[in-house]
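S.K.: Generate coordinates for the sequence data below:
(2 chains)
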2 protein chains.
Amino acid sequence: MGPRATVIGSLQALAMHPNLEIQLHGPHDALEAELESLPKRLSGYRPRLVLQHAPRVISQAMRAANALREADGSSMLSAIASVRDGHVHACVSAGNTGALMGLARRELGTVTGIARPAISTAVPTQGGGQCYLLDLGGNVDVQARHLMDFARMGAVMARVIDGLAMPRVALLNIGVEANKGVPSVREADERLREIMASDRRGFTFDYIGYLEGDGIFSGAADVVVCDGFVGNAVLKASEGLATMLMSRLQETFEAHLTTRVVRAMARPALLRLKRRLDPVRYNGASLLGLAGIVVKSHGGADAKGFAYAISRAVREIDRDLPSHLARELSAASCPEPSIHSAARRTDRVDSGLASDAQSDDSHP
Amino acid sequence: MGPRATVIGSLQALAMHPNLEIQLHGPHDALEAELESLPKRLSGYRPRLVLQHAPRVISQAMRAANALREADGSSMLSAIASVRDGHVHACVSAGNTGALMGLARRELGTVTGIARPAISTAVPTQGGGQCYLLDLGGNVDVQARHLMDFARMGAVMARVIDGLAMPRVALLNIGVEANKGVPSVREADERLREIMASDRRGFTFDYIGYLEGDGIFSGAADVVVCDGFVGNAVLKASEGLATMLMSRLQETFEAHLTTRVVRAMARPALLRLKRRLDPVRYNGASLLGLAGIVVKSHGGADAKGFAYAISRAVREIDRDLPSHLARELSAASCPEPSIHSAARRTDRVDSGLASDAQSDDSHP
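M.R.: Alright, predicted model coming up:
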């Protein structure tokens, strides 16, 4: 996907949210060129789209450490700085995930009490629900306290964004017996059990213990917590499997539903299904624990996917997710200090948002 | 699943393999009771099924260490001992995975040069192929040399069992850039690259580098290597997702293909698809690196699943997988000695096999 998808996706999001204004950060000429060839139905939303010139691009291949050094002039830094400076409420980017996390952390800081921000997205579950999975790649070497932070952040997300009174939170493990798994997971389990058994110290979620991989999609939990390596592998494998299953499904119907009438009647049902079964791709992933709202759009997403990621950011703005995270997480345990305390807000429009026009093809 | 599925599955396997003989290890009375109510079509295969009384059962909840101490009299130990003593060529069990691995390791030993046996199964890929994934739960704390062993064992499997001349082997990672992931994975990558760039020291596979989770199902590799925690989480998540997708698919067709004729015409295609898309559940998982053949049947499998797991064991017997593993792996690097050198064979029948009649509901 190039700047076209982010431009079209931003306009689609403006169509969906009448009180939204979007800054689009990227090379001015390239963005203008895209805007000149707009579909007619979208051109009416153009006035709420503001271009912010940023000539440079942080490539997908760039290491996060290098991106931090070489970010000046990039659309990604420009978009994040706009959140930092209070010009907008949120940043959405389809760019290099590691760079996005690194820059956002440096420029926005973290919520007090959170040592490690995490990446999270919701996957669909049996029965039509969803389950937040985190971390998805930000943290590959985690300790028990980080897993506990992820549990609390995921729970705040499920409660604040989705209105669940008491989200069910589980630790991903390779078995449900107490002796299974790695030390960090076992220790987090022990500490969460202790908290659940005591006064809960303001923990407003229900820790349900270990869950195995199949439980992610079963509807057994609202939040499933794991380290970033495992979460990334599971999420991407799920995307790969869904893609394979959909293509085999199409082959099956092409091979066997030979009459035109059956094919024609089956098609709308199949298309509906395909849309419903691809929410992994169309959910943006939230960077949780930052003192500000940053959403990563799937690199492989089209304009619609980018628009959905923007919608997620708008929901987080509407519900003021960072304040909830700050309030509920600063109460507890984690000793490492945060760099900044909170993102500033503008009240020029209901929701102001910076879209980073660059993209990559990796996820999340 | 109870002993019924293992009894029926064993008889189904006998029907599929005319030169196979099966010992069924378990409580004699329970097995006899199952055999008395056999479907007529299977009773003709009864003469090639030999019962071996073993009164005790190793429960799923039992820790592997306890299982090792308390295995006497169990059907699992009895079946493995039959391989060890050369009465049969292979053992198939749907029981406690950790106990099965622990007992098999103690009784059969490992192939010279292999410090850590691994669990592997094949998942279906785009284009109708398959990909071996390992490890699936045997090893949660691995070093680079273990990952390298897994790579080599998976490659031998793909070559010997599936006839691939030069299997493509990848390391599972959270990105394809050299700086991504955890130290063990990066070190294994470096060492495998060095070997590929030099004389390959008899490595008869093609190391293709890092692969992300979606690559498991894309057909990009024949073998994907990861630690047991990640592999287990990915495999079980895939099973959970496939289950959810199939149930949503059925709902979709029930909701929208309302005319009887379309439903009736779509049904056979859907059933065919369901069978094709569920091979994860119906593939047995091989315990690789043991000096003997042991296959774990999915705990949630029905009789047919158990029969398929037996078929996998028969294929490993026919191709003499342990000898290939011993020959190709003893050449190289790993310093830890094996306990036994090879499983003995009987030549009483083409394939002799011990089925452990107990089962559990976890996998693999």
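
S.K.: Only C-alpha atoms from now on, for both contacts and neighbour counts.
M.R.: Noted.

S.K.: all helices for the stretch 251-364 of chain A, in order.
M.R.: A:260-277, A:279-282, A:303-318, A:321-330 (DSSP state H, counting those that start in this stretch).

S.K.: Quickly, which of these bottoms out on average pLDDT?
M.R.: In terms of mean pLDDT, the lowest-scoring of those is helix A:279-282 (a mean of 56).

S.K.: Just the CA atoms of the helix or strand harbouring residue A:9, as PDB, please.
M.R.: Using DSSP states H and E, residue A:9 sits in helix A:3-16. C-alpha atoms of helix A:3-16 as PDB (Å, rounded to 0.1, in the frame of the first residue of the first chain):
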ATOM      1  CA  PRO A   3       0.200   7.000   0.200                       C
ATOM      2  CA  ARG A   4      -2.900   6.400  -1.900                       C
ATOM      3  CA  ALA A   5      -4.400   4.000   0.700                       C
ATOM      4  CA  THR A   6      -3.700   6.400   3.600                       C
ATOM      5  CA  VAL A   7      -5.100   9.400   1.600                       C
ATOM      6  CA  ILE A   8      -8.300   7.500   0.600                       C
ATOM      7  CA  GLY A   9      -8.600   5.900   4.000                       C
ATOM      8  CA  SER A  10      -8.300   9.200   5.800                       C
ATOM      9  CA  LEU A  11     -11.100  10.700   3.600                       C
ATOM     10  CA  GLN A  12     -13.200   7.600   4.200                       C
ATOM     11  CA  ALA A  13     -12.700   8.100   8.000                       C
ATOM     12  CA  LEU A  14     -13.700  11.800   7.600                       C
ATOM     13  CA  ALA A  15     -16.900  10.500   5.900                       C
ATOM     14  CA  MET A  16     -17.600   8.200   8.900                       C
END
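
S.K.: list the buried ones in it?
M.R.: For helix A:3-16, a neighbour-count test (16 or more other CA atoms under 10 Å in any protein chain shown) marks A:3-15 as buried.

S.K.: OK, contacts around residue A:228?
M.R.: Taking CA atoms under 8 Å, 6 or more residues apart in numbering or on different chains, we find residue A:228 in contact with A:134, A:135, A:136, A:137, A:138, A:139, A:140, A:141.

S.K.: can you map out the strands along the stretch 151-300 of chain A?
M.R.: A:168-172, A:206-211, A:223-225, A:285-288, A:293-296 (DSSP state E, counting those that start in this stretch).

S.K.: got CSV for the ones you listed, with mean neighbour count too?
M.R.: Formatted as CSV, the strands of the stretch 151-300 of chain A follow (neighbours: other CA atoms under 10 Å in any protein chain shown):
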stretch, mean neighbour count
strand A:168-172, 26
strand A:206-211, 21
strand A:223-225, 32
strand A:285-288, 27
strand A:293-296, 30
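
S.K.: which of the contacts of residue A:228 count as buried?
M.R.: Using 16+ other CA under 10 Å, the buried members of these are A:134, A:135, A:136, A:137, A:138, A:139, A:140.

S.K.: Out of the strands of the stretch 151-300 of chain A, which is closest to chain B?
M.R.: Chain B lies closest to strand A:168-172 among those, at 7.7 Å (CA to the nearest CA).

S.K.: How about residues contacting that closest one?
M.R.: Looking at what lies outside strand A:168-172 - CA under 8 Å, 6+ apart - the contacts are A:151, A:154-155, A:185, A:189, A:205-213, A:220-226, B:233.

S.K.: Let's see the pLDDT reported for the nearest residue to residue A:6 once chain neighbours are set aside.
M.R.: Nearest in space to residue A:6, with sequence neighbours left out and distances taken as CA to CA, 6 or more residues apart in numbering or on different chains, is residue A:357 at 5.6 Å. pLDDT for residue A:357: 74.

S.K.: Let me know the distance separating residue A:357 from residue B:37.
M.R.: According to CA to CA, to the nearest Å, residue A:357 and residue B:37 sit 68 Å apart.

S.K.: for residue A:145, same thing?
M.R.: Taken as CA to CA, the span from residue A:145 to residue B:37 is 55 Å.

S.K.: And these two? Which one has more around it.
M.R.: residue A:145 (20 against 10; other CA atoms under 10 Å in any protein chain shown).

S.K.: quick one: which of the contacts of residue A:228 is nearest residue B:248?
M.R.: residue A:134 (24.3 Å; CA to CA).
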